[in-house]
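1. Give me the fold of what follows.
(one chain, ligands or ions: 1)
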Amino acid sequence: MSLVPCRACEYQVDTSALACPKCGATDPGRKISRQHRQVISFTVQFLIGVTLLFLGGRYVWLEFAPTIKAAIVKQNQG
Ligand SMILES: [Zn+2]
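-> Numbers count the residues shown, from 1 in each chain. This next block holds a predicted model:
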């Protein structure tokens with residue numbers, strides 16, 4: 001049993017406390033809260049999604065760019 005300052009209000013709370021008795025913040029003894037962890041995992045998933053979209057878009061672009069460019073050149077000439 002040890003006391004740590006609440007991450008929200010700095011009130012001394014037990015590390016095993018589920019909520020801060022002063023401000024009601026959840027998991028006051030933990031540096032990273034559950035909500036924070038959810039935000040981090042969401043951000044990581046978002047970044048992975050953006051990266052996949054970017055790589056996929058780049059692949060499609062590299063695959064079809066010559067065709068599109070040829071079509072544009074043809075249009076400009078004709
Ligand atoms: Zn607190």
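2. Those residues of this structure touching the ion, which are they?
-> Counting by CB under 5 Å from the ion, the residues of the chain lying close to the ion are Cys6, Ala8, Cys9, Tyr11, Cys20, Lys22, Cys23, Ala25. C-betas here are computed from N, CA, C, even on glycine.
3. Weed out the non-buried ones from these.
-> Among the residues of the chain next to the ion, those that count as buried by neighbour count (16 or more other CB atoms under 10 Å) are Cys6, Cys20, Ala25.
4. how distant is the helix or strand hosting Ile68 from the center of its chain?
-> Element membership of Ile68, judged by DSSP states H and E, is helix 34-77. Going by CA atoms, centre = their mean, to the nearest Å, the spacing between the C-alpha centre of helix 34-77 and its chain's C-alpha centre is 18 Å.
5. which residue is nearest the centroid of this protein?
-> Residue closest to the average C-alpha location in the chain (CA atoms, centre = their mean): Thr43, at 0.5 Å.
6. quick one: that residue and the ion, what's the gap?
-> 25 Å (CB to the ion, to the nearest Å).
7. gap between that residue and Leu52?
-> Distance of Thr43 to Leu52, computed by CB to CB, to the nearest Å: 15 Å.
8. Gln12 now?
-> Distance, Gln12 to Leu52, by CB to CB: 45 Å.
9. So which of these two has more stuff around it?
-> With neighbours defined as other CB atoms under 10 Å, Gln12 and Leu52 compare such that Gln12 has more, 13 against 10.
10. who's the more buried one bridged to?
-> Beta bridges link Gln12 to Pro5 when assigned by DSSP bridges.
11. Quick one, grab the pLDDT at it.
-> Gln12 is assigned a pLDDT of 92 by the prediction.
12. Looking at the residues of the chain next to the ion, which is nearest Gln38?
-> Ala25 (15.2 Å; CB to CB).
13. Arg7: helix or strand, and which one exactly?
-> Using DSSP H and E, no helix or strand contains Arg7.
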